[in-house]
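Visitor: What follows is a predicted protein model with its sequence.
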Amino acid sequence: MTSETDPAAADPPSRETFTPDVDQVVRFSTVLGSRGSADTVRDTRGFATKFYTSEGVFDLVGNNIPVFFIQDAIKFPDVIHAAKPQPDREIPQAQSAHDTFWDFVSLHTEATHHTLWNMSDRGIPRSFRTMEGFGVHTFRLVNADGGTSLVKFHWKPRMGVHSLVWEEAQLINGVDPDFHRRDLADAIEAGAFPEWEFGVQVFPDTPEQTFEGIDLLDPTKIVPEELAPVQPIGLMTLNANPVNYFAETEQVAFHVGHLVPGIDVTDDPLLAGRLFSYLDTQITRLGGPNFAQLPINRTHAQVNDLLRDGMHQTAVHAGAAPYRPNSLDGGCPFQAGIAAGGYVEAPVQVAAAPRVRAAPASFDDHFSQPRMFWLSLSPVEREHVIAAYTFELSKVYEPAIRERVVRVLGGIDPRLSAQVAEGLGLPAPEKPGKPASVSASPALSQLGGTWPTTGRVIGIVAGDDDLDAVRRVRQEVFDAGMVPLVVAAGGGVLPGGGEPVPVQRMFAAARSVEFDALLVAGAPGPGKDARAVRDAKAANGKAAMVIDPRVLLMLREAYRHAKPLGGWGDAATAFDVAGIATDAPGIVIGSDPAAVLGEVTDLLTRHRVWDRFPAA
């Protein structure tokens with residue numbers, strides 16, 4: 001409760017307050033896995049932000065996907081029980097590729113939209129830094145005159161929205177299961193601070209709470225940006241890592257009921273359940289009702305309330321009358337009204353109607369928006385969706401569940417259903433009814449634009465030749481706001497005169513998945529440890545006599561993953577031995593290292609070289 005003091009009363013008792021030297025705290029998370037599970041699994045990511053304001057704390061507890069599996073919070077235990085590891089084996093960990101998940105979502109078709117987003121590239125983000133965020137629900141904003149509008153909150157990454165390809169994600173899970181956490185921490189430590197524009201879609205607050213025929217209270221639906229553009233209202237820069245992970249991340253408590261004046265909730269039935277369950281969760285998780293007194297959770301605003309005692313109480317309260325009204329403490333504290341900036345719920349006129357536990361008819365439409373999302377994807381993104389469904393369902397034991405999912409996919413698009421059925425060796429599904437007639441929303445595709453390259457990781461593969469060029473290019477990468485990592489046969493520093501060049505990765509430990517682009521300086525010969533008996537990646541036959549086989553592996557992987565590749569000097573030899581045509585799309589070979597870096601950087605603005613693998 002936000003409270004104030006009656007100016008005519010005596011000085012009230014006060015509570016200790018804490019003012020952390022931050023404006024916001026953000027916690028990213030996966031959903032399905034236990035603590036310590038791999039980062040790059042196919043999963044929904046949490047995107048929770050705590051705003052420390054002069055009027056109290058506002059928690060925006062959202063996801064990287066704008067819709068959710070369910071429309072009513074009473075179903076929350078069901079979706080969690082279905083998606084988490086199966087209770088009889090406690091596997092698979094952090095994955096949706098199992099029977100209980102697909103059994104639930106195929107029987108419960110309101111989950112179709114969220115599931116399709118998970119099966120798209122959005123389910124495997126390249127980085128937390130390139131991940132969009134959504135508040136999911138519709139909220140109500142109240143202006144100074146009491147007028148109201150409905151809004152949806154958005155986080156737009158300045159670097160663009162980018163994802164891994166599936167093979168990359170699988171490799172990373174083995175090579176570096178902490179990939180996303182390490183990537184974010186390293187970028188912030190290096191000064192490549194990730195940024196997100198904070199924006200809102202604004203809608204009239206009508207009695208129907210709909211916009212262009214879309215029910216704004218349905219958390220399984222979005223409003224296309226072509227109908228309601230996202231208006232930027234702020235910029236968030238992550239410029240510091242936690243000092244103590246337990247104190248500042250494990251103990252941070254987010255709650256959708258943490259609101260400030262001017263922001264109010266709506267009648268979204270999923271949001272209504274979260275208003276209760278999040279408070280209950282924090283009381284249980286953090287050992288009592290005083291979790292808000294933990295340093296990371298304390299508000300910047302001065303607080304004078306009637307809360308007393310309880311588990312983990314750390315404040316020393318004065319006064320004898322923790323109740324209202326009272327006369328013993330001069331009537332303090334008095335409840336803050338709107339004139340003093342106190343929180344006041346916006347009055348809403350409710351139409352006379354029977355109160356029943358039933359959803360409106362608009363909640364029954366489970367396929368028009370998934371079809372809109374499918375039609376909005378580029379051809380290569382659609383191919384990834386087909387591959388994702390095929391992979392996931394190949395892990396399902398029960399044939400009836402696979403067949404049911406394929407039938408459900410027919411409600412999205414006949415080709416999607418037919419291609420997944422073909423991949424699973426199932427008979428072609430019966431011709432479904434005519435899919436919903438909807439328009440595409442180009443804003444939903446991750447492809448087609450250009451984005452800043454700030455914070456991108458460039459691998460510079462160095463041999464024993466032309467170290468001056470490596471040194472110059474490394475500095476130019478730094479100067480461009482990107483992160484260079486020098487890869488060489490041995491650790492320490494590169495041999496040779498001039499300023500020392502530190503080696504951040506050795507051939508034995510590096511994999512292409514760490515880099516957004518690769519530059520090859522000359523033709524790196526085999527390192528002294530390039531022996532299969534010591535490093536299985538070095539088993540490459542006669543090729544090992546010319547180019548280190550670990551370098552060839554990196555080049556082939558990066559090529560398959562559509563990453564920009566460049567080189568100078570004798571680098572063409574390395575590409576030839578790797579079986580990569582130097583005139584293929586996204587391959588830059590030249591004599592001037594700076595010019596090669598420039599062309600590779602230009603390719604990187606589009607994230608990947610999808611022209612290398614044209615989709616059917």
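Guide: Received, thanks.
Visitor: Quick one: mean pLDDT for stretch 186-193?
Guide: Averaging pLDDT along stretch 186-193 gives 92.
Visitor: ok, now stretch 564-583?
Guide: Across stretch 564-583, the average pLDDT comes to 95.
Visitor: and if you look at stretch 514-525?
Guide: In this model, stretch 514-525 carries a mean pLDDT of 95.
Visitor: what are the ranges of the strands in the stretch 201-350 of the chain?
Guide: Along the stretch 201-350 of the chain, counting by DSSP state E, counting those that start in this stretch, strands occupy 210-211, 214-215, 231-237, 263-264, 334-335.
Visitor: Repeat that for the stretch 351-500 of the chain.
Guide: Under DSSP E, counting those that start in this stretch, the stretch 351-500 of the chain gives strands at 457-462, 483-488.
Visitor: my read is Ala144 is in a strand, agree?
Guide: No - Ala144 is assigned coil when assessed by DSSP: H, G, I helix; E, B strand; the rest coil, not a strand.
Visitor: buried set for stretch 606-616?
Guide: Arg606, His607, Arg608, Val609, Trp610, Arg612 (16 or more other CB atoms under 10 Å). The way it works is simple: take the backbone N, C-alpha and C, and place the C-beta from them, glycine included.
Visitor: How about residues contacting that stretch?
Guide: By CB atoms under 8 Å, 6 or more residues apart in numbering, the list of residues contacting stretch 606-616 from outside reads 126, 160, 162, 378-380, 382-383, 446-447, 449-451, 516, 559, 561-564, 584-586, 603.
Visitor: One more: stretch 287-296?
Guide: Residues outside stretch 287-296 that contact it (CB under 8 Å, 6+ apart): 18, 20, 25, 247-248, 251-253, 282-283, 285-286, 297-299, 307, 310-315.
Visitor: buried subset of the residues you listed?
Guide: By 16+ other CB under 10 Å, the contacts of stretch 287-296 give 25, 248, 251-253, 282-283, 286, 297-299, 307, 315 as buried.
Visitor: Quick check: the farthest pair among these?
Guide: Pairwise distances across these peak at 23.3 Å for Glu248 and Leu307 (criterion: CB to CB).
Visitor: Is it correct that Asp602 falls within a helix?
Guide: Yes - looking at Asp602 with three-state DSSP, it is inside a helix.
Visitor: other SSEs contacting the helix or strand where Ala574 lies?
Guide: In the assignment (DSSP states H and E), Ala574 maps to helix 571-578. Contact here means 3 or more CB pairs under 8 Å, 6 or more residues apart in numbering; DSSP states H and E; on that basis helix 571-578 packs against strand 517-521, helix 549-560, strand 565-568, strand 587-590.
Visitor: In JSON lines: these, plus distance to Val577.
Guide: What follows is those, written out as JSON lines (distance: least, CB to CB, whole Å):
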{"stretch": "strand 517-521", "distance to Val577": "11"}
{"stretch": "helix 549-560", "distance to Val577": "6"}
{"stretch": "strand 565-568", "distance to Val577": "12"}
{"stretch": "strand 587-590", "distance to Val577": "14"}
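Visitor: export those to TSV and tack on distance to Gly598 and mean neighbour count?
Guide: What follows is those, written out as TSV (distance: least, CB to CB, whole Å; neighbours: other CB atoms under 10 Å):
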stretch	distance to Gly598	mean neighbour count
strand 517-521	11	28
helix 549-560	19	22
strand 565-568	9	27
strand 587-590	9	20
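Visitor: Low-confidence ranges, this protein, go.
Guide: 1-21, 432, 540-544, 616 (pLDDT under 70).
Visitor: To Gly490, which of the helices and strands packed on helix 571-578 lies closest?
Guide: helix 549-560 (12.3 Å).
Visitor: between the closest one and helix 571-578, how big is the angle?
Guide: Put simply, helix 549-560 runs at 80 degrees to helix 571-578, going by axes from the mean of the first three to the mean of the last three CA atoms, to 10 degrees.
Visitor: coming back round to it: can you add distance to Ile263 and give the buried ones among the contacts of stretch 287-296 back as CSV?
Guide: Listed next are the buried ones among the contacts of stretch 287-296 as CSV, based on distance: CB to CB, whole Å:
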residue, distance to Ile263
Val25, 18
Glu248, 24
Gln251, 24
Val252, 20
Ala253, 18
Gln282, 19
Ile283, 23
Leu286, 24
Asn297, 18
Arg298, 20
Thr299, 15
Leu307, 22
Ala315, 26
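Visitor: Keep only those of the residues you listed that are in helices.
Guide: Counting by DSSP state H, the part of the buried ones among the contacts of stretch 287-296 found in helices is Gln282, Ile283.
Visitor: Can you tell me how far His114 is from Ala359?
Guide: 17 Å (CB to CB, to the nearest Å).
Visitor: Mind checking which of those two has more residues around it?
Guide: When His114 and Ala359 are compared for neighbours, His114 comes out ahead with 23 against 15, by other CB atoms under 10 Å.
Visitor: Deepest-packed of the strands of the stretch 351-500 of the chain, please.
Guide: Compared across those, strand 457-462 shows the largest average neighbour count, a mean of 25 (mean count of other CB atoms under 10 Å).
Visitor: And the contacts of that one?
Guide: Outside of strand 457-462, the residues within contact range by CB under 8 Å, 6+ apart are 470, 473-474, 477, 482-488, 494, 501, 503, 505, 510, 512, 514-522, 524, 551, 554, 597, 600.
Visitor: For that strand, enumerate its sheet partners and note whether each is parallel or antiparallel.
Guide: With DSSP bridges as the test, strand 457-462 is paired with strand 483-488 (parallel), strand 517-521 (parallel).
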